[in-house]
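*Asks:* sequence first, then the predicted structure:
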Amino acid sequence: MLQLWMEKEGVSSFDALGKELRHRYPGLEWPSARSLGVKLGQLDKGAATWWAKRIDFTNKLAELLKCDPRELGVHSAESAHLPYYFEDFPELPPLDLSREGPCDLGCLVGKQDLDEKHLAPWFGRTTPGQTLVTTVNGVSWLYFPPGTGRDLYWARLNALSPFECVSTTALSTLSERLQKPSPICINLNRDNGHRDLLVLSSRNPECPILICAPFDLPSRPAAGWKEVLEWDYQLDTLEERNLRTLTNSAFSAFDGGANRYRFVLYRDWRTRLITWILNRLRTHLDTRLGPAQLEAWLDGFRNQDVFDTPRSIVAM
């Protein structure tokens with residue numbers, strides 16, 4: 001399908017097709033043209049899992065090709081799991097997320113004494129006597145500052161979670177799905193402000209939701225739990241109350257609010273990452289570099305802000 005369209009339209013390569021997609025649909029957060037070209041080449045060979053998990057991208061590709069997404073073979077790969085490829089560093093051996101974990105660079109820190117063990121059921125892990133469905137509830141919002149590893153965390157969740165996983169640029173595309181009581185994991189790629197908050201606050205209260213996003217859930221920290229006793233709160237409609245509760249950081253998912261987490265990098269994250277990358281590369285290449293040498297080289301740059309996230313190190 002892809003090759004036929006490229007020949008017809010005079011597109012010379014998958015990289016060129018990737019550039020065309022980025023140019024034609026600038027509203028989506030596409031990977032780089034080079035990385036997109038790799039994914040298009042894989043799709044042409046029948047490896048469609050990456051596209052099956054990114055329905056927004058798939059729909060735009062189908063629109064460009066003037067075909068049904070199913071003609072691309074995307075529908076047949078929804079249950080398969082490909083390795084995780086480092087799009088900014090194609091030479092780095094991919095991760096088999098079914099048996100390998102990523103480099104430990106930080107942790108999710110939650111409010112109300114929450115920590116990562118509360119998220120284990122979303123990955124299919126429970127303690128004896130528990131069931132998966134009874135251990136997930138309400139809204140859990142995971143905020144990953146840009147460049148700190150949200151893509152890899154999502155890929156791992158997508159590979160291991162027993163629940164439905166969907167990537168989207170707007171919660172409004174899932175408003176009907178969120179009326180169902182079954183758990184769902186969402187990779188939210190864009191901040192749509194009040195519109196998405198309305199969708200989230202009007203969800204089925206029995207629907208457990210885990211959201212990974214590059215921005216925090218808006219909150220009103222000054223509101224406090226006593227807000228529910230205020231007269232104007234009592235006069236609000238149910239929808240308005242739900243929205244106020246969702247954005248009141250004093251309330252957890254148990255109270256109708258949300259469990260809020262933020263990914264925090266360890267102090268020595270750069271040393272950890274450099275060591276991990278070099279060790280991984282040595283299985284395929286003779287790097288002739290040690291972690292100390294590479295860190296010394298990085299320290300020589302006057303502007304250290306250009307290496308302030310794991311993504312910037314991997315891209316370098």
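*Replies:* Ah, there it is.

*Asks:* from now on I want contacts and neighbour counts done on CA atoms only, so please keep to that.
*Replies:* Noted.

*Asks:* mind listing the strands for this structure?
*Replies:* Counting by DSSP state E, one finds strands in the chain at the ranges 106-110, 139-143, 164-168, 184-188, 209-213, 258-265.

*Asks:* nearest to residue 40, of those strands?
*Replies:* Ranking these by distance to residue 40, with Cα to Cα as the measure, places strand 164-168 first at 18.1 Å.

*Asks:* from the chain's centroid, how far away is that closest one?
*Replies:* Strand 164-168 sits 9 Å away from the centroid of its parent chain (Cα atoms, centre = their mean, to the nearest Å).

*Asks:* what residues does it touch?
*Replies:* The contact list for strand 164-168 (Cα atoms under 8 Å, 6 or more residues apart in numbering) reads 53, 54, 55, 56, 158, 183, 184, 185, 186, 187, 188, 189.

*Asks:* circling back: could you dump the strands of the chain into TSV with mean pLDDT and distance to residue 64 added?
*Replies:* As requested, the strands of the chain are exported to TSV (pLDDT from 0 to 100; distance: least, Cα to Cα, whole Å):
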stretch	mean pLDDT	distance to residue 64
strand 106-110	94	39
strand 139-143	95	33
strand 164-168	88	19
strand 184-188	94	23
strand 209-213	96	27
strand 258-265	94	36
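
*Asks:* reformat the ones you listed as TSV; add mean neighbour count and distance to residue 85.
*Replies:* Listed next are those as TSV, based on neighbours: other Cα atoms under 10 Å; distance: least, Cα to Cα, whole Å:
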stretch	mean neighbour count	distance to residue 85
strand 106-110	17	20
strand 139-143	23	22
strand 164-168	18	17
strand 184-188	22	18
strand 209-213	22	19
strand 258-265	21	22
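
*Asks:* related to what we said a few turns ago, farthest-apart pair in the contacts of strand 164-168, please.
*Replies:* Greatest spacing in the contacts of strand 164-168, by Cα to Cα: 56 and 183 (20.9 Å).

*Asks:* who has more neighbours, these two?
*Replies:* residue 183 (21 against 17; other Cα atoms under 10 Å).

*Asks:* any idea of the pLDDT on the more buried one?
*Replies:* Residue 183 is assigned a predicted lDDT (pLDDT) of 89.

*Asks:* likewise for residue 40?
*Replies:* For residue 40, the model assigns a pLDDT of 91.

*Asks:* just name the closest of the contacts of strand 164-168 to residue 137, please.
*Replies:* Using Cα to Cα, those come closest to residue 137 at residue 183, 8.1 Å.

*Asks:* which one is that closest one nearest to, not counting chain neighbours?
*Replies:* Excluding its sequence neighbours, the residue lying closest to residue 183 (Cα to Cα, 6 or more residues apart in numbering) is residue 208, at 4.6 Å.

*Asks:* okay, now that neighbour: neighbour count?
*Replies:* Neighbours around residue 208, by other Cα under 10 Å: 24.

*Asks:* what do you get for residue 15?
*Replies:* Residue 15, neighbours per other Cα under 10 Å, totals 20.

*Asks:* relative to residue 55, how far out is it?
*Replies:* With distances taken as Cα to Cα, to the nearest Å, residue 15 is found 20 Å from residue 55.

*Asks:* now do residue 23
*Replies:* 18 Å.

*Asks:* kindly report the same for residue 191.
*Replies:* Counting by Cα to Cα, the gap from residue 191 to residue 55 is 18 Å.

*Asks:* and residue 123, by the same measure?
*Replies:* Counting by Cα to Cα - residue 123 and residue 55 are separated by 22 Å.

*Asks:* over to residue 122?
*Replies:* 21 Å.

*Asks:* neighbour count for the two, which is higher?
*Replies:* Using other Cα under 10 Å as the criterion, residue 122 and residue 55 rank with residue 122 on top: 24 against 17.

*Asks:* how about that one: what's its closest non-neighbour residue?
*Replies:* Spatial nearest neighbour of residue 122, chain neighbours left out: residue 161 (5.7 Å); criterion: Cα to Cα, 6+ apart.

*Asks:* quick check, that neighbour in contact with residue 124.
*Replies:* Yes: at 5.6 Å, residue 161 counts as touching residue 124 under the criterion of Cα atoms under 8 Å.

*Asks:* with neighbour numbers in mind, choose between those two.
*Replies:* The neighbour comparison of residue 161 against residue 124 (other Cα under 10 Å) goes to residue 161, with 19 against 15.

*Asks:* where does the stretch 151-300 of the chain have low pLDDT?
*Replies:* The model of the stretch 151-300 of the chain has pLDDT under 70 over residues 221-222, 224-229, 231, 233-236, 238, 283-300.

*Asks:* on that earlier part again, against residue 192, how distant is the residue nearest to residue 183?
*Replies:* 21 Å.

*Asks:* and if you look at residue 148?
*Replies:* 21 Å.
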